[in-house]
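> here is a sequence together with a model predicted from it:
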Amino acid sequence: MSGLSLRLGALPPQRLLLVGSLALNLFFVGAAVAVGWRQAQAPALPAAVALDRSPAARIDRLAATLPGPDAKVLYAQFQAAEPTIESDRAVSRRAQEAVRRALDAPTFDPATADTALSALRDARRAVWRTLHGALLRAATEMSPEGRARLADWVPPTEEGNRPAHSFPQGR
């Protein structure tokens, strides 16, 4: 036997527990320090940026990909449709409030909630119909290059430049 095992064997059990506990505590403190050090050295991840989803911001992002004259055409059509878009958005906000009231009612009525959700869908469709109408009117005045860029455009998402509706495919 080695000298260390003879000396440890000669220690009373309470002392062995104390030495073992001290060694285990030192191990955990060392591991915590190592993890903390690694976290401090890791590069900070960029904060997630909330994407502005207003119609004006969407048109700005789309126009940024177009040739200059085509972007001006898009802006002109959007400005012409903007009063209608804002009116449609106000109707959409009121419909959204009706959905909230229906869902938060003391006694829940599924028929009322369904009617409110249906009105909200219709209101949101009206906003998109107006936006799409402005886009179509602009496309009729654009160059072939501008229309090709419209066709290739993919709306950005918070996660990056992937399509907003990408659902996993089943087998």
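Perfect, thanks for sending it. Numbers count the residues shown, from 1 in each chain.
> give me the buried positions along the helix ranked longest in the chain.
Counting residues, the longest helix found in the chain (DSSP state H) is helix 68-104. By neighbour count on 16 or more other C-beta atoms under 10 Å, the buried set for helix 68-104 is 70-71, 73-75, 77-78, 81, 84-85, 88-89, 91-92, 95-96, 98-99, 102. Bear in mind the C-beta positions are built from the backbone N, C-alpha and C, glycine included.
> helix or strand right after it?
Once helix 68-104 ends, the next helix or strand along the chain (criterion: DSSP states H and E) is helix 110-141.
> ok now stretch 38-55, how far from the chain's centre?
11 Å (C-alpha atoms, centre = their mean, to the nearest Å).
> hmm, who's touching it?
For stretch 38-55, contacts defined as C-beta atoms under 8 Å, 6 or more residues apart in numbering pick out 78, 82, 85, 89, 127, 131, 156, 157, 158.
> give me the buried positions along that stretch.
residue 55.
> what is the end-to-end distance of it?
Start-to-end span of stretch 38-55 (C-alpha to C-alpha, to the nearest Å) is 43 Å.
> quick one: mean pLDDT over it.
In this model, stretch 38-55 has an average pLDDT of 76.
> helix or strand next in line after the one helix or strand in the chain whose mean pLDDT sits lowest, which one?
In the chain, no helix or strand scores lower on mean pLDDT, DSSP states H and E than helix 3-9, which sits at a mean of 57. Sequence order places helix 13-41 as the next helix or strand after helix 3-9, per DSSP H and E.
> show me what contacts residue 58?
131, 155.
> ok and the one helix or strand it maps to relative to helix 68-104, angle-wise?
According to DSSP H and E, residue 58 maps onto helix 55-63. For helix 55-63 against helix 68-104, the angle by axes from the mean of the first three to the mean of the last three C-alpha atoms, to 10 degrees is 140 degrees.
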